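Asks: Just need the structure, nothing else, for what follows:
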Amino acid sequence: MEPPSGSGSFVAAEVADQPDAWRRAALLAATGEPFQSGARTALLGCGSSWHAGSAIAALREQAGAGETDAYPASEARLDRAYARVIAISRSGRTSELLSALELVPAGVAKLAIVGDPASPVAAACDGMIDLSFADDRSVVQTRFVTSAIAFGRAALGMSVDRAISDAQAVVDGELALNPVDVGQFAFLGQGWCVGLARAAALVARETAQARAEAHPAMEYRHGPIATAGPGTVVWFIGAAPDGLAGEIEATGATVMHSTLDPLAELVRVQRVALALAALRGLDPDRPPNLSRAVVLGTSDREEVPR
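Replies: As a prediction, the model looks like this:
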């Protein structure tokens, strides 16, 4: 696998392409209503796709569109009376997701949001949202996950114009943080931004092998703040609760605030993770112990893309 000429890596090119991908996702969302109001809904995914589902679920409830849960596919509680199950998968071939879809009760509508419209997950569902324009060639998920969230926001009637303009400014601008100053990350969010914080921590781990954690913002003072200090970067995705940033700064940690749309803030994190990977001499397209297709034991499905 060779990265595209001039980009440095697949993941770098995919990070830079996100504003355009979000525009396409918003246009696609205008063609239908995948998140019907009032229908009790479960979103399923694995890894970053689960975090995207968590963000969309919180946004749907925030919009008053109905009770919505998000599960990692391996932990889905499908015995609850859902009217619709939405499966999010870049590859559309994830074994845990396929297994979960087999357990969806008869009569429950199933929708796939996928990067491969010809995939088994798409075939296992009654309907499909084709995000193949946002598929990532890198092992690390960046563009697909944020485009799924942009699609969800637009489908719920929320404008993504500011997110797109803020993300373009991030892509064109300077790094938010010198990677030399990073010892460990803690990403904090509230509401739908908790899912973004978790996605931020995962991309930092995968891309730069960084020590990274994520928490609902107010939970940080209930134990995790004990490890904060010089070299710790505590990064708010979205607004910080009153008083919390000051408590964290008192530990000697670096606090990152944002006035950007939270989805664009995730792009700031992605860029810093890429810079940290370069500083450490890592190939962001080839994170250790990961691949797009993981072969499990004989009792599992043969191929499990992430």
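
Asks: Would you mind measuring from A197 to W22?
Replies: 19 Å (C-beta to C-beta, to the nearest Å). From N, CA and C alone the C-beta is placed, and that goes for glycine too.

Asks: These two: which has the busier surroundings?
Replies: A197 (31 against 28; other C-beta atoms under 10 Å).

Asks: Tell me which helix or strand the more buried one sits in.
Replies: Counting by DSSP states H and E, the element that carries A197 is helix 193-208.

Asks: for the next helix or strand after that helix, what is the average pLDDT?
Replies: Past helix 193-208, heading to the C-terminal end, the next element that is a helix or strand (DSSP H and E) is strand 212-216. Here the mean pLDDT over strand 212-216 is 98, rounded to a whole number.

Asks: Next secondary structure after strand 212-216?
Replies: Using DSSP H and E, the next helix or strand after strand 212-216 towards the C-terminus is strand 232-237.

Asks: show me what contacts the nearest residue to F133 once chain neighbours are set aside?
Replies: The shortest distance from F133 to any residue other than its chain neighbours is 5.4 Å, reached at R24 (C-beta to C-beta, 6 or more residues apart in numbering). Taking C-beta atoms under 8 Å, 6 or more residues apart in numbering, we find R24 in contact with 133-134, 147.

Asks: what does M158 give?
Replies: Remark: with contacts taken as C-beta under 8 Å, 6+ apart, M158 is in contact with 59, 63.

Asks: P224 against Q184, yeah?
Replies: No - under the contact definition of C-beta atoms under 8 Å, P224 does not touch Q184, with a separation of 10.8 Å.

Asks: any shared contact partners between the two?
Replies: Residues touching both P224 and Q184 (C-beta under 8 Å, 6+ apart) are E213.

Asks: in the stretch 51-200 of the chain, which segments are predicted with low confidence?
Replies: Low-confidence segments of the stretch 51-200 of the chain, defined by pLDDT under 70: none present.

Asks: Test my guess that A200 contacts A214.
Replies: Yes - under the criterion of C-beta under 8 Å, A200 makes contact with A214 at 6.6 Å.

Asks: Which one of those two is surrounded by more residues?
Replies: A200 (30 against 25).

Asks: ok, the more buried one to E67 distance?
Replies: Distance check for A200 against E67: by C-beta to C-beta, it reads 27 Å.

Asks: same thing with L44?
Replies: Relative to E67, and taking C-beta to C-beta, L44 is found at 16 Å.
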